[in-house]
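Participant: Structure here, sequence nowhere to be found:
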């Protein structure tokens, strides 16, 4: 058979397997005012995937309308301090259309002195 | 005229967990610019074409709708509704009865209805507005005075000079009255063909002074073809007490003022005052 008349067709399949993170928002999610999903949609998602683990804080901000915060983080650092830092950093790289996910590592350094 | 008489009752609604895209489709299909948002039969918001333009189509309606919604009862008057819509700069007003959404009124519908109670010849409101205004005033005041002004000999003016000049007299009369009434914190309407009514919450003596001023000023004006124009005026004043039926009191007092103006005309006396 002439190959130019009957070309062969092949499909190549690449599969990447990775673990689905539950929930997919990590520690903090900044929800832009014009992002494809809003705070109520996020609430529905976390209620279904990780009930009671996140807090949704509605804010009055130039780009963001809500911050979704993992409750366990606020045991390590006051919520207001963390929000101020994360919004400050978030607005440098985000816009109203952004849904920004953040992972936060907090290291607490303690030095105690004891009487010998 | 009440909101229930003009509200749209066949409503297209959306639920908060539908997408903005679905809301857009509904608005396009039914050619409307706003949808009430219902959750378990309760009104939780309203989504408009403006919200749709500003939000991603993937968003939930709950994340795109306006949550602070002004609502009124079906028994609101159309003038109260207009005032509310202007104060809050809103285009559509959901109507709630017993906690349930029963209708919707848009600004367009409301303005079309309000136009029916506006007299284009004189630029004054018609009698229906006055009845509403008197009821509104009586919510805050305990006394109301109605000045009923009837143009003398107007039928003959029409016959002798023609309806075009007759209309000119009516227009000029309205301008004169408007100028005087606006300075006196009272309310004016064209009640009928050649009849005008002023409602005032000022003391009776002030209303009488106002009427006397109007009676005196009319013959002094420059009227077309030197037509002689004057008013017969009836004044009725009433104090309203707490338990009194305000609705019927309003009609009683307007009627009394009307009869007083007829009496003034037939007795060739320019002013008759009645206290109810």
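Facilitator: Yes, it's here. Here the structure is a predicted model, which means the values were calculated and not measured.
Participant: For chain A, what lies in contact range of chain B?
Facilitator: Residues of chain A lying near chain B by CB under 8 Å from any CB of the partner chain: A:34, A:35, A:36, A:37, A:38, A:39, A:40, A:41, A:44, A:97. (Glycine included, C-beta is placed from N, CA and C.)
Participant: Of those residues, which is the nearest to chain B?
Facilitator: residue A:38 (2.4 Å; CB to the nearest CB).
Participant: how close does the closest one get to residue B:99?
Facilitator: As judged by CB to CB, to the nearest Å, residue A:38 and residue B:99 stand 27 Å apart.
Participant: neighbour-wise, which of those two wins?
Facilitator: Neighbours per residue (other CB atoms under 10 Å in any protein chain shown) separate residue A:38 from residue B:99, with residue A:38 holding more: 25 against 8.
Participant: Residue B:65 is in contact with the more buried one, correct?
Facilitator: No: using CB atoms under 8 Å, residue A:38 is not in contact with residue B:65, being 10.1 Å away.
Participant: Quick check: mean pLDDT of the helix or strand containing residue A:42?
Facilitator: Here residue A:42, judged by DSSP states H and E, is contained in helix A:39-49. Summarised as a single mean, pLDDT over helix A:39-49 is 93.
Participant: picking up where we left off before, from the residues of chain A next to chain B, which two are the most distant?
Facilitator: Maximum pairwise distance among these (CB to CB): 20.5 Å, between A:44 and A:97.
Participant: which residue ranges form the strands in chain A?
Facilitator: Applying DSSP state E to chain A gives strands spanning A:28-32, A:54-58, A:64-70, A:99-102.
Participant: Could I get these in JSON lines, plus columns for mean pLDDT, mean neighbour count and distance to residue A:6?
Facilitator: Listed next are these as JSON lines, based on pLDDT from 0 to 100; neighbours: other CB atoms under 10 Å in any protein chain shown; distance: least, CB to CB, whole Å:
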{"stretch": "strand A:28-32", "mean pLDDT": "96", "mean neighbour count": "23", "distance to residue A:6": "53"}
{"stretch": "strand A:54-58", "mean pLDDT": "95", "mean neighbour count": "15", "distance to residue A:6": "58"}
{"stretch": "strand A:64-70", "mean pLDDT": "96", "mean neighbour count": "22", "distance to residue A:6": "57"}
{"stretch": "strand A:99-102", "mean pLDDT": "93", "mean neighbour count": "16", "distance to residue A:6": "49"}
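Participant: Nearest to residue B:143 among these would be which one?
Facilitator: strand A:54-58 (49.7 Å).
Participant: Name every strand pairing with that closest one and say which way it goes.
Facilitator: strand A:64-70 (antiparallel) (DSSP bridges).
Participant: Need the residues that contact the strand it pairs with.
Facilitator: A:25-33, A:38-39, A:42, A:46, A:53-59, A:79, A:82-83, A:86-87, A:90-91, A:94 (CB atoms under 8 Å, 6 or more residues apart in numbering or on different chains).
Participant: on that earlier part again, select only the buried ones of the residues of chain A next to chain B in ChimeraX?
Facilitator: The following ChimeraX command selects only the buried members of the residues of chain A next to chain B, with burial defined by 16 or more other CB atoms under 10 Å in any protein chain shown:
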select /A:34,35,36,37,38,39,40,41
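Participant: List the buried residues for stretch B:81-99?
Facilitator: By neighbour count on 16+ other CB under 10 Å, the buried set for stretch B:81-99 is B:81, B:82, B:85, B:90, B:92, B:93, B:94, B:95, B:96.
Participant: Sorry, wrong one. I was asking about stretch B:42-54.
Facilitator: Under 16+ other CB under 10 Å, the buried positions of stretch B:42-54 are B:43, B:44, B:45, B:46, B:47, B:48, B:49, B:51, B:52.
Participant: same check, this time on stretch B:122-129
Facilitator: B:122, B:124, B:125, B:126, B:127, B:128, B:129.
Participant: and the residue nearest in space to the middle of chain A, bridged to which residues?
Facilitator: By CA atoms, centre = their mean, chain A has its centre lying nearest to residue A:101, at 2.6 Å. Counting by DSSP bridges, residue A:101 forms beta bridges with residue A:29.
Participant: Show the contacting residues for the residue of the stretch 51-200 of chain B found nearest chain A.
Facilitator: At 2.4 Å from chain A, residue B:63 is the closest residue in the stretch 51-200 of chain B, using CB to the nearest CB. Contact analysis of residue B:63 by CB under 8 Å, 6+ apart lists A:37, A:38, A:39, A:40, A:41, B:55.
Participant: Tell me how many other residues crowd the last one.
Facilitator: Around residue B:55 there are 24 other residues, counting by other CB under 10 Å.
Participant: Show me what counts as buried in the helix ranked longest in chain A.
Facilitator: Ordering each helix of chain A by length in residues (DSSP state H) puts helix A:79-93 first. Neighbour-count burial for helix A:79-93 flags A:82, A:83, A:86, A:87, A:90, A:91 (criterion: 16+ other CB under 10 Å).
Participant: ok, back up a step: need the max-distance pair from the buried residues of stretch B:81-99.
Facilitator: Farthest pair in those, by CB to CB: B:82 and B:96, 18.0 Å.
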